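K.L.:
What shape does this take:
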Amino acid sequence: MSKIIAVTSGKGGTGKSTVCAGLGYTLAKQGHRTLLIELDFGLRCLDIMFGVEDSIKYDLGDVLNGRQDVLKAVAQVPMASNLNILCAPKTLTSVSAEQIVEICRSVKKYFEYIIIDTGAGINSHVFDIVEQANLILVVSTPDPVCIRDASLMSDEFYNRGNKSQRLIINKISKKFIGEALIANLDEIIDKVGVQLIGVIPDDFKMTIATGKGTPIPTDSSALKAFDAISKRLGGEFVPLTVKTS
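P.N.:
Next comes the predicted model:
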């Protein structure tokens, strides 16, 4: 049975799509058949991150409008043979939670992991879609506004009965921790109120790779963090190590 994971955040700018890309990439490299479904309608970016911008023929909009079968709209990523993406349409398209659930149901036998890159923001549309996931990954940065929004979003998930939540703290660097914005990681965890599953350092090598659509360098500190989180998703015990710059 495939595992459906929703990656979400309370506001834009947390690097949610980069988290989806990093997790999808490392899960695929570990041998897991993985599908990324992008729901940022009008703001798609996964095709650029994986260097397939010019080869995407169909997207989620074609599936929702009945113009194409979902499996034919899925694009395989050359840099990771087990990784596939279903890109968001470039224009705004209406979608319901039921439609996303049906899409996941129709393809789950082909993939071990289905990662849903939700739109950012605290609204009923996101909550309805995320409710269908087996696990919710809440992404926050050390920024106090992001932390508060992540806490509000997580509280609403709990109110709706979604207790399978984990926190990913993204874009960590020494300039945030222990200085002006936040005292330590524990402060973020306590304020959001969600168990931590991983910390992603702010990594220029990762930024360059996703911006150019090239494979993430093996010496990337962010890649190592994503690899560890992916193993935790599979039940492995991997110690949490954080190296900031």
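
K.L.:
so what's residue 171 up against?
P.N.:
Counting by Cβ atoms under 8 Å, 6 or more residues apart in numbering, residue 171 makes contact with 14-15, 141-142, 200-202. Every C-beta, even on glycine, is put in place using the N, C-alpha and C of the backbone.

K.L.:
Turn these into JSON lines, columns for neighbour count.
P.N.:
Shown next, in JSON lines, are the contacts of residue 171 (neighbours: other Cβ atoms under 10 Å):
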{"residue": "14", "neighbour count": "25"}
{"residue": "15", "neighbour count": "24"}
{"residue": "141", "neighbour count": "25"}
{"residue": "142", "neighbour count": "21"}
{"residue": "200", "neighbour count": "27"}
{"residue": "201", "neighbour count": "21"}
{"residue": "202", "neighbour count": "20"}
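
K.L.:
Quickly name whichever of the residues you listed is closest to residue 215.
P.N.:
Taking Cβ to Cβ as the measure, residue 215 lies nearest residue 200 of the contacts of residue 171, at 17.6 Å.

K.L.:
Any regions of the chain where pLDDT drops low?
P.N.:
Within the chain, the stretches with pLDDT under 70 are 1, 42, 92, 120-125, 174-183, 241-245.

K.L.:
Could you identify the longest helix within it?
P.N.:
Criterion DSSP state H: the longest helix present in the chain is helix 144-159.

K.L.:
Sheet partners, orientation included, of the helix or strand that it is followed by?
P.N.:
Following helix 144-159 in sequence order, the next helix or strand is strand 165-172 (DSSP states H and E). Sheet pairing of strand 165-172 (DSSP bridges) gives strand 135-140 (parallel), strand 196-201 (parallel).

K.L.:
now could you export just the CA positions of whatever helix or strand comes next after the last one as PDB?
P.N.:
I take that to be strand 196-201. Note on strand 196-201: by DSSP H and E, the next helix or strand toward the C-terminus is helix 204-212. Extracted in PDB, the C-alpha atoms of helix 204-212 (Å, rounded to 0.1, in the frame of the first residue of the first chain):
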ATOM      1  CA  PHE A 204      23.400  27.300  -1.400                       C
ATOM      2  CA  LYS A 205      24.200  24.100  -3.300                       C
ATOM      3  CA  MET A 206      20.600  22.900  -3.100                       C
ATOM      4  CA  THR A 207      19.400  26.300  -4.200                       C
ATOM      5  CA  ILE A 208      21.600  26.300  -7.300                       C
ATOM      6  CA  ALA A 209      20.700  22.700  -8.200                       C
ATOM      7  CA  THR A 210      16.900  23.200  -8.000                       C
ATOM      8  CA  GLY A 211      17.200  26.500  -9.800                       C
ATOM      9  CA  LYS A 212      19.100  25.000 -12.700                       C
END
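
K.L.:
Give the buried residues for helix 204-212.
P.N.:
Across helix 204-212, burial judged by 16 or more other Cβ atoms under 10 Å covers 206, 209-210.

K.L.:
which helices and strands does the longest helix of the chain pack with?
P.N.:
Counting contacts by 3 or more Cβ pairs under 8 Å, 6 or more residues apart in numbering; DSSP states H and E, helix 144-159 is packed against helix 124-130, strand 135-140, strand 165-172, helix 185-192.
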